[in-house]
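> Sequence and predicted structure below; questions after.
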Amino acid sequence: MPHGKARRLLVRCAQRIPVTKPLDASLPTAPGAASAPRRLFRFEGGNAGPWTVRHMQVCKGEALPLVDRLAVHSEPVPWGSAGAWTLRGITSNERYVERVERSALVERQEGLGRPGSTHAALIPIRKTAAWWALTQDERRNVFEAQSRHIAIGMDYLPAIARRLHHCRDLGADEPFDFLTWFEYAPEDEKSFDALLRALRASPEWAYVDREIDIRLQLSSM
């Protein structure tokens, strides 16, 4: 093919290809478009944040340094913390929940951020190597068939709202495997304590080797 003809063909092809720009997080979202939900969260314990630490109880394993306040950040935010410790976790798909259980949970549970839910708890947990050596179906058996984890939680909905964060998905250096965030009204704290007692008495908790119960109250900065 003569060079001039080939050049004209290439120009015509290029004119048919739309030029796309790199995605830029700073660009405004198109009207009516839903923004993607944040999945990566940071929990920073120190002397700043809207949550006052009422107490920190070590249930198993090594403690975290005592702090007065807790801040919860949803990424992306500038990295870096002046606090005593930072814990990270990412929300993910439900690992051990079957369809009928998920439908029941969706029907009964309520979201975070309710006006009356001024009490909260952050409970970081690490499980043993024996737990992670189990297969997915073996873990499901311990989680629900033996421990009734989902069924127990259902008894306390919708009063107790929760969000689970996975840490192992971020890398092997994270100090915990899970960070569970709970919110509830002050009058529901006895129910929350009962929920924790039931879970900690289950066979699943034999696989927990580090757990800290951090109780919080929403307050002014």
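It's in.
> Excluding chain neighbours, give the residue nearest to Ser92 in space.
Spatial nearest neighbour of Ser92, chain neighbours left out: His166 (5.0 Å); criterion: CB to CB, 6 or more residues apart in numbering. The C-beta positions use only the backbone N, C-alpha and C, and glycine is treated the same way.
> all strands for this structure, in order.
Applying DSSP state E to the chain gives strands spanning 40-46, 51-60, 69-74, 85-90, 119-127, 161-166, 178-184, 208-218.
> Minimum distance to Val97: which of those strands has it?
Closest to Val97 of the strands of the chain is strand 161-166 (CB to CB; 10.7 Å).
> Tell me the spacing between Phe143 and Ala151.
Counting by CB to CB, to the nearest Å, the gap from Phe143 to Ala151 is 11 Å.
> So those two - more neighbours on which side?
For Phe143 versus Ala151, neighbours defined as other CB atoms under 10 Å are more numerous around Phe143 (21 against 12).
> can you tell me how far the more buried one sits from Glu204?
Taking CB to CB as the measure, Phe143 falls 6 Å from Glu204.
> Mind listing the shared neighbours of these two?
The contact sets of Phe143 and Glu204 overlap at His149 (CB atoms under 8 Å, 6 or more residues apart in numbering).
> Okay, helices next: where are they in the protein?
3-16, 99-108, 129-133, 136-140, 149-154, 189-200 (DSSP state H).
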